[in-house]
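Asker: coordinates only, sequence not included:
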């Protein structure tokens, strides 16, 4: 086949010359294989083309990403956000590097944790995505572990040697006693320092208010140094705040293109409004990070809003949206979307490590919903592997749910037990304020190895006694 | 204590720490109070989980029994409301089989040419403006559709079809559509071809470990190909052990009415169907965790 002449990038291997139409095409074809890019028709045609694309991408100067956009500036407010907020002074330290050179630099001892903090506002999502595409899993782990991101509300999230958990006490009908039962189970398994966060069964302002109030009462009653969140639409939470509900964190699912966010029914102005509203309540005690965002590869394609850009680059662009609003937590819900985007355990694992790396490099408090659905080619062993890898990489938080089974959202994520496994094998602790509370209320003991008490703590014993007939 | 007795006692120490809050299992299907071996899940619960996962995987791959579902739906009073011909229309997406369906969601969102033609022909032969089209879609759980569609529609039809309680119901209903290998957005294709004001999609949700039989319901005003999820309202988890048929029908009718009055659906249509109920219970007094 004659080589087309409209290729912006060319690379020769032996007698053969490969061509790539534009930056988006080059990025997509350099992406490690996954079903979503095949579905979008943007993936490399074969393994060789993929590696040649990676070689071509490695030669690209980082400064190119400030000259060329994957989605036009005029058409997309996320592109505008990325370029308008770019910090040229921070970028100057890495401005001379190519993508390949950036990988070497990140892995080198030049890139200390302190230096990485200084330069991160000079890194665009596309630079992070590009370098991740030519990194192996161990590279993604190595560099992410050097990235320091701490945030705070009623406790401090993201300190070294810590692994926090979101207690996720979902119930299919939002039954208060059912939710309280899962909350108690989770607290007694030392879960919930990142947030106690409920996905409501029905999107409804009054129901959200009720759940927010209920969690607030529990947090106050037991004086738990943590925060609550109902994962409802940002416009609902704004209404809850207007109605006087005790809102700690504002939730929103976000994507990396304006059209994706349109499909989620919000604009960047909504996020700014919500952040202001939540901050005005002044409910944080040790910090004022009030936003909780969720992301996941494939959401842009799912909304037909990807502009021919590969799903991992779209995902990284979502982090530009996130960092604009100083979130307490960002969670990539990696395996939730299904096998048409991430086919099996191998693809889910790779995506989880990429998302965590890109998020951390860009300065986000990155957690991961290590998860899969029943129509994906994955199982508990795949989740064990990814959880362990993320724990090693210094992941900020993971989910905690009774027995890995979310009975509302119908998928499997990490259990309370799983988080304790990770804490034990990797020597990790919950957030310091929460750790102190766990000891004070006699849930866990202060040992080098994280240990739960065998006895039911007194404060919870009396709560259980309130149930008719006691514990029997 | 003799050495022998001591050794026996050590032998009997269980490696599993039980959780003394089993009673809470009465209030949720969540896997709480599992106990722990060290900090890990005890064998009994590990294997129970593995069995549930195996069953859920099997549920994803079962096929919809069209014949039985058609027989079921013919039991409804729909005939009074959708003249002249109310036999359910059997449709199919562009995904030819389950394997294609799982990997190509775009195929699951569009009708195949035969089905599109069937609806176009129906439209030519029938001129009324439909207020509502209902599309029953297998989705990711045929079990959910087979088990819950009839009782849910029986509950919903009391609001839509003239009857002794509501003789003035005037909803003009399109024939029911049964759709194989479909996703939620395929309702838009159906709605557009039938020229219906809005579409209600009943779809088998992703099977969970504890709920392989959960039916979801999506309402879209003015459904047409290309609409995003921001234009839909959702009611989830309709099944015997979840949201009851009566409750689901009440909520669905609330949304249908609101959609018809506001001429929209999605994020701008807030579900306030429970405001009165919830306001009575704002104190959250049922919570045993607090005094």
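Answerer: Sure thing, it's come through. Just so it is clear, the structure is predicted and the values come from calculations on it, not from any experiment.
Asker: Show me what from the stretch 1-150 of chain A comes close to chain B.
Answerer: Neighbours of chain B within the stretch 1-150 of chain A, by CB under 8 Å from any CB of the partner chain: A:35, A:39. (Glycine included, C-beta is placed from N, CA and C.)
Asker: Low-confidence regions, the chain specifically.
Answerer: Going with chain A. Low-confidence segments of chain A (pLDDT under 70): A:1-5, A:446-447, A:468-472.
Asker: You answered for a different chain; I wanted chain B.
Answerer: Applying pLDDT under 70 to chain B flags residues B:1-11, B:79-85, B:274-286, B:291.
Asker: Which residue ranges of it form helices?
Answerer: Counting by DSSP state H, chain B has helices at residues B:3-12, B:43-60, B:66-73, B:98-103, B:105-108, B:113-125, B:142-160, B:186-194, B:245-262, B:275-279.
Asker: from the ones you listed, which stretch is densest packed?
Answerer: The highest mean neighbour count among those, using mean count of other CB atoms under 10 Å in any protein chain shown, belongs to helix B:186-194: a mean of 26.
Asker: Report the distance from that helix to the chain centre.
Answerer: With CA atoms, centre = their mean, to the nearest Å as the basis, helix B:186-194 stands 19 Å off its chain's centre.
Asker: check contacts around the residue of chain B found nearest chain A.
Answerer: Residue of chain B nearest chain A, by CB to the nearest CB: residue B:31 (2.6 Å). Residues near residue B:31 by CB atoms under 8 Å, 6 or more residues apart in numbering or on different chains: A:402, A:403, A:404, A:405, A:415, B:45, B:49.
Asker: Okay, buried residues for stretch A:75-95 please.
Answerer: A:76, A:77, A:78, A:79, A:80, A:81, A:82, A:86, A:90, A:91, A:94 (16 or more other CB atoms under 10 Å in any protein chain shown).
Asker: Not counting it itself, show me its contacts.
Answerer: Under the contact criterion CB under 8 Å, 6+ apart, stretch A:75-95 has outside partners A:62-63, A:66, A:69-73, A:102, A:105, A:115, A:118-126, A:256-259, A:261, A:267-268, A:307, A:317-318, A:320-321, A:324.
Asker: Repeat the analysis, applying 6 Å as the threshold.
Answerer: Applying CB atoms under 6 Å, 6 or more residues apart in numbering or on different chains, the contact partners of stretch A:75-95 are A:63, A:69, A:71, A:73, A:119, A:121-122, A:124, A:256-258, A:268, A:317, A:320.
Asker: can I see the domain layout of chain B?
Answerer: Domain segmentation of chain B under automatic domain parsing yields B:16-58, B:65-274.
Asker: For residue A:247, which of those domains is the nearest?
Answerer: For those, proximity to residue A:247 was assessed by CB to CB; domain B:65-274 is nearest, at 16.9 Å.
Asker: ok so, going back, just among the contacts of stretch A:75-95, which is most surrounded?
Answerer: Greatest neighbour count in those, by other CB atoms under 10 Å in any protein chain shown, goes to residue A:256: 35 neighbours.
Asker: Tell me if I'm right that residue A:140 and residue A:357 touch.
Answerer: Yes - in this structure, residue A:140 is within contact of residue A:357 by CB atoms under 6 Å, at 4.1 Å.
Asker: quick one, which of these two is more surrounded?
Answerer: The neighbour count for residue A:140 versus residue A:357, taken as other CB under 10 Å, is higher for residue A:357 (28 against 24).
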